[in-house]
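> pasting the structure only:
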């Protein structure tokens, strides 16, 4: 995972040599100098291309003692991780909390600035026996998770029952912690003020208070980003345009301070962790690759790591994947009160704006039954998923150039630019962002936990194996029944990634043992497993493969499919396009050439069948012309 920090004085590799950034000309141009003090203006896209497309990294060893300190260091340094909030007084306060010197605190911040990961805040553990943690880091992780999500709090849940369930969770992972330690952790944990829930709404925020009393004011971009899903008010057609496949899902985020669109993802996945993760990858990277894939020009300079995510209480926003990723990138999660859309007013207003604009698109469904009967979306739908995605990004581009009343008449793009540049040049450092490569994708992909067996790692009834699992399997006595973290590629079931227990940044790629496995997503595999059980068959790999091939044959016959199956076929086509985009990104660094956007409107060469029909038609006309009226009379 490559953190890109663009400010004067930064050195990086470009064009096979080390260059130094002299200044930032604008959002798309950087002035650099090489070792011979030669100055040149370089497009930012070229610099990003040189930093992207790296394989999974494995350069930072992880030790349990250091990992156990991460949460304490992250909490103490929370107010000074942003360089704009950093001063000697605040850094000294953080150092006093941790009991370290001021110089050690600044060294910790330097490690964070260079990596962008809070895992680098604690110092590396020195060789020797001192400072060893008595609790396994994996056990500490389980304890903290249960304290945050299942703490008894002021409810009538038995504290003894909580301890028993916590011990059971530890035992399932092959971990053991003394009862006294668990009780001490429970007694010392402060759950904070009671949060609003569906069962007891009176314990939440007062409903008669002003909203502004609870919604904080923002001072800079990326301070608060609101994200939500929306089932769009428009239906789309299949790629062959023969049938309507229904509505799609838009996952979108907005920066509260500038009203810039932070991220967006258009797809047929149901609202969940997969579209949310893909949207976050879009937000944390520059979007030049997206513009090239869609073949349009976009002005989307916003990219980086937000300080706070403001979300509703949907299950995908409170799961393990979001919690792990936010911890990794030091992002604060803020969940608004249940059933209180007014606390997400910025994102809700944005979705309302999109709903209004969608009423003029073909296939618009409207916002109610009356509008649906008037608009007739089944008859007017004409845009495919890819065309709709292109249209949405064009609407976003238009939105960025439209004056906004909440910004005093400024456009969102103008508000974002004026924060970093004025008439004389750059006035503030640009936010750090990440290279668009697999090291970033992994942290926003679905997460699961599995044990290592002689047959490999099993997920969705399929076994995944790699030669690198051998050394881990030989240390099975050390792991016991411990479950390892794996990441699931949402676009293909041909491989998964396992996090190495001894290396914080190393991921092992495990390939599916079934060589004939088609290039389908895990959603398709889950559907095949469900189909096998419905047929009262055991979902072994051979049965799954048979069902997948049968589904492929059914999908190929698009003219005879139902609307639901057509929707599934279009979803598979979108996943294929995204896999192709990932492959282009992964192979770009080795090829050394920039992928060109697809050309549109180019004349197509007539097929042989069309030429034959035209020639047949000409020969038939010539024969008819040779028949005289006398021949016709004799024939009659």
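Everything's here; your move. On a predicted model such as this, the values are computed, not experimentally measured, just so you know. Numbers count the residues shown, from 1 in each chain.

> do you know the pLDDT at residue 56?
Per-residue confidence at residue 56 stands at 52 (pLDDT).

> residue 444 now?
Confidence at residue 444, expressed as pLDDT, is 90.

> again with residue 589
Model confidence at residue 589 (pLDDT) stands at 44.

> try residue 315
At residue 315 the predicted local distance difference test score is 76.

> residue 131 now?
At residue 131 the predicted local distance difference test score is 49.

> can I assume residue 25 sits in a strand?
Yes - residue state for residue 25 (DSSP: H, G, I helix; E, B strand; the rest coil) corresponds to a strand.

> any idea how far it lies from residue 43?
Note on residue 25: its distance to residue 43, by CB to CB, to the nearest Å, is 10 Å. (Glycine included, C-beta is placed from N, CA and C.)

> ok, residue 480 - contacts?
When contacts are counted by CB atoms under 8 Å, 6 or more residues apart in numbering, residue 480 touches residue 174.

> identify all contacting residues around stretch 20-39.
Looking at what lies outside stretch 20-39 - CB under 8 Å, 6+ apart - the contacts are 6-12, 14, 17-19, 40-45, 47, 301, 417, 421, 425-426, 430.

> with stretch 424-431 instead?
Contacts made with stretch 424-431 from outside it, assessed by CB under 8 Å, 6+ apart, are listed as 6-7, 23-24, 27, 83-84, 221-222, 303-305, 419-421.

> and for residue 273, the neighbour number?
The number of residues packed around residue 273, counting by other CB atoms under 10 Å, is 23.

> quick one: contacts for the closest residue to it other than its chain neighbours?
The spatial neighbour of residue 273 that comes closest, neighbours along the chain excluded (CB to CB, 6 or more residues apart in numbering), is residue 316 at 4.5 Å. Contacts were defined as CB under 8 Å, 6+ apart; by that measure residue 316 touches 271-273, 276, 322.

> how near is residue 316 to residue 274?
8 Å.

> circling back: and residue 25 and residue 43? Which one has more around it.
Residue environment comparison for residue 25 versus residue 43 gives the larger neighbour count to residue 25, 15 against 12, counting by other CB under 10 Å.

> so how far is residue 247 from the more buried one?
Following CB to CB, the distance that separates residue 25 from residue 247 is 43 Å.

> next: residue 68.
When CB to CB is the yardstick, residue 68 and residue 247 sit 47 Å from each other.

> give the rounded mean pLDDT of whichever helix or strand residue 470 is part of.
Residue 470 belongs to helix 469-474 when elements are defined using DSSP states H and E. For helix 469-474, the per-residue pLDDT values average out at 85.

> what lies in contact with it?
Where contact means CB under 8 Å, 6+ apart, the residues beyond helix 469-474 that reach it are 452-454, 456-457, 479, 498, 500-501, 508, 510.

> of those residues, closest to residue 242?
Top of the list for closeness to residue 242, among the contacts of helix 469-474 and by CB to CB, is residue 510 at 39.1 Å.

> helix, strand, or coil at the closest one?
Three states are possible here, and by three-state DSSP the one that applies to residue 510 is strand.

> and it, how far is that from residue 325?
With distances defined as CB to CB, the gap from residue 510 to residue 325 amounts to 21 Å.

> tell me where the chain is predicted with low confidence.
Per-residue confidence of the chain (counting by pLDDT under 70) places the weak regions at 1-2, 52-63, 126-134, 152-157, 191-216, 339-342, 555-566, 581, 584-636.

> one step back: among the contacts of helix 469-474, the buried ones, what's the PyMOL command?
Buried subset of the contacts of helix 469-474, written as a PyMOL selection, criterion 16 or more other CB atoms under 10 Å:
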select buried, resi 452+456+457+479+498+500+501+508+510
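
> got the contacts of helix 469-474 as TSV, with secondary structure and distance to residue 72 columns?
As requested, the contacts of helix 469-474 are arranged in TSV below (DSSP: H, G, I helix; E, B strand; the rest coil; distance: CB to CB, whole Å):
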residue	secondary structure	distance to residue 72
452	coil	30
453	strand	35
454	coil	39
456	strand	36
457	strand	32
479	helix	26
498	strand	28
500	coil	24
501	coil	22
508	strand	29
510	strand	33
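
> how about the secondary structure of residue 576?
In terms of secondary structure, residue 576 is helix; the call rests on three-state DSSP.

> what sits against the nearest residue to residue 574 once chain neighbours are set aside?
Counting by CB to CB, 6+ apart, the nearest residue to residue 574 once its immediate chain neighbours are dropped is residue 385, at 5.7 Å. Contacts of residue 385 were listed using CB under 8 Å, 6+ apart, and they are 236, 239, 248, 266-268, 570, 573-574.

> sitting in helices, which of those residues do you find?
When the contacts of residue 385 are checked against helices (DSSP state H), the matches are 570, 573-574.

> which of the residues you listed ranks first by neighbour count?
Comparing the ones in helices among the contacts of residue 385 by number of neighbours (other CB under 10 Å), residue 570 comes first, having 25 neighbours.
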